[in-house]
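>>> structure, please.
(one chain, ligands or ions: 2)
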Amino acid sequence: MNILILGYGKMGKIISQVAEERGHQIVAKINIENVADLDHLDTSKIDVAIEFSQPGSAVGNITWCMQHGVPVVVGTTGWMDDKDGVTNLCKQKDGSLFYTSNFSIGVNIFFKVNAFLSKLMNDQEAYKATLEEIHHTEKKDAPSGTAITLAEGLIKNNQRYSSWELQNDNTQQKEGTLPITSKRIDPAPGTHIVSYKSEIDDITINHTAHNRKGFALGAVLVAEWLPGKKGVLSMDDFLDF
Ligand SMILES: NC(=O)C1=CN([C@@H]2O[C@H](COP(=O)(O)OP(=O)(O)OC[C@H]3O[C@@H](n4cnc5c(N)ncnc54)[C@H](OP(=O)(O)O)[C@@H]3O)[C@@H](O)[C@H]2O)C=CC1
Ligand SMILES: O=C(O)C1=N[C@H](C(=O)O)C[C@H](O)C1
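Ligands and ions are numbered 1, 2, ... in the order given. Here you go, the predicted model:
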């Protein structure tokens, strides 16, 4: 396949390597300094784009893909305020857009465990839930996209919580609000911890990425799968668990 890389940073570099190892060709590697090169690409020769740039750049890149009929796999986080507008554009253009906050299989299993545990804890009022995420210091958004997905999964399955809040200080936990703590410590590729704490004991589930390979392989596997499919798709469409 011919793949366009939108965002050639930490993730774009590993994704390109994994894609080439799997026999694909990279047609261009776009960063902020060569973004004008997009105007000179023969889009009929691009099978799929993989977008891992920055929160402020994702919507522009997705829009470009929709306008040029290029299916796009998006890993960039921190642009969810624009999700409805992007979804409408995708429908209007009959485009293909895949987004997930986390491409690793391990985290997607963790999402299911989180939902199951949240359901079990629904009636256990002695326990208070908290969420913590730890990432490298270059990360632009907080909380992480994965932490937001975990919070949404917890809230959906537990009537005691109806919202989440980024809470990096020791302020009192509000009733019904799940506090999320974001820590920035190098070189952490991504750690997410969900805890339920009571006076008697704690229950904790934890996912720790040791490197970025799981994210990159997941993105390339989805890129191989996406062309020919229409609409806004997610990991639930791709995985069969
Ligand atoms: N969904 C998932 O599984 C994962 C998601 N992520 C997310 O992916 C994103 C990228 O992460 P990471 O690679 O670590 O970040 P980096 O900062 O290492 O890389 C981002 C790259 O995007 C480039 N860029 C900035 N603006 C544009 C633009 N308009 N078009 C194209 N490229 C642009 C930057 O260029 P320059 O340096 O010149 O500014 C930089 O090279 C983040 O949002 C992160 O949260 C990360 C890992 C997994
Ligand atoms: O910025 C990162 O590095 C990561 N971002 C994603 C997120 O915001 O959840 C996924 C992963 O945790 C790494």
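>>> the residue nearest the centre of the chain and residue 147, how far apart?
Against the mean C-alpha coordinate of the chain, by Cα atoms, centre = their mean, the closest residue is residue 101 at 1.2 Å. Taking Cβ to Cβ, to the nearest Å as the criterion, residue 101 is separated from residue 147 by 8 Å. Just so you know, the C-beta spots here come from the backbone N, C-alpha and C atoms, and that holds for glycine as well.
>>> what's around residue 18, how many residues?
The burial metric for residue 18, expressed as a neighbour count using other Cβ atoms under 10 Å, is 20.
>>> pretty sure it is touching residue 218, no?
No: under the contact definition of Cβ atoms under 8 Å, residue 18 does not touch residue 218, with a separation of 9.6 Å.
>>> mind exporting stretch 192-202 as PDB, just the C-alpha atoms?
Output for stretch 192-202, consisting of C-alpha atoms alone and laid out as PDB, is shown next (Å, rounded to 0.1, in the frame of the first residue of the first chain):
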ATOM      1  CA  HIS A 192      -2.900   4.400  33.000                       C
ATOM      2  CA  ILE A 193      -4.000   3.500  36.500                       C
ATOM      3  CA  VAL A 194      -7.700   3.100  37.700                       C
ATOM      4  CA  SER A 195      -8.100   2.700  41.400                       C
ATOM      5  CA  TYR A 196     -11.100   2.200  43.700                       C
ATOM      6  CA  LYS A 197     -10.100   3.000  47.300                       C
ATOM      7  CA  SER A 198     -11.900   2.400  50.600                       C
ATOM      8  CA  GLU A 199     -10.900   2.600  54.200                       C
ATOM      9  CA  ILE A 200     -10.400  -1.200  54.200                       C
ATOM     10  CA  ASP A 201      -8.600  -1.900  50.900                       C
ATOM     11  CA  ASP A 202      -7.800  -0.700  47.400                       C
END
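>>> do it and ligand 1 meet?
No: contact between stretch 192-202 and ligand 1 is absent, the nearest approach being 11.9 Å (criterion: Cβ under 6 Å from any ligand atom).
>>> mean confidence score for that stretch?
When pLDDT is averaged over stretch 192-202, the result is 98.
>>> that stretch: which residues count as buried?
Of the residues in stretch 192-202, those buried under the neighbour-count criterion (16 or more other Cβ atoms under 10 Å) are 192, 193, 194, 196.
>>> after the helix or strand where residue 114 lies, which helix or strand is next?
Following DSSP states H and E, the helix or strand that holds residue 114 is helix 105-120. Taking DSSP H and E as the definition, the helix or strand that follows helix 105-120 towards the C-terminus is strand 128-135.
>>> okay, now residue 222: neighbour count?
That count, for residue 222 with other Cβ under 10 Å as the rule, works out to 24.
>>> read off the pLDDT value for it.
Note for residue 222: predicted pLDDT of 98.
>>> so which residues of the chain form strands?
For the chain, the strands defined by DSSP state E occupy 2-6, 25-30, 48-51, 72-74, 96-99, 128-135, 163-166, 177-184, 191-197, 202-208, 231-233.
>>> any residue of the fourth one up close to ligand 2?
The one in question is strand 72-74. No: residues of strand 72-74 are not located near ligand 2 by Cβ under 6 Å from any ligand atom, the shortest gap being 11.6 Å.
>>> counting contacts, what elements does that strand pack onto?
Using 3 or more Cβ pairs under 8 Å, 6 or more residues apart in numbering; DSSP states H and E as the contact criterion, the neighbours of strand 72-74 among helices and strands are strand 48-51, helix 58-67, strand 96-99, helix 213-225.
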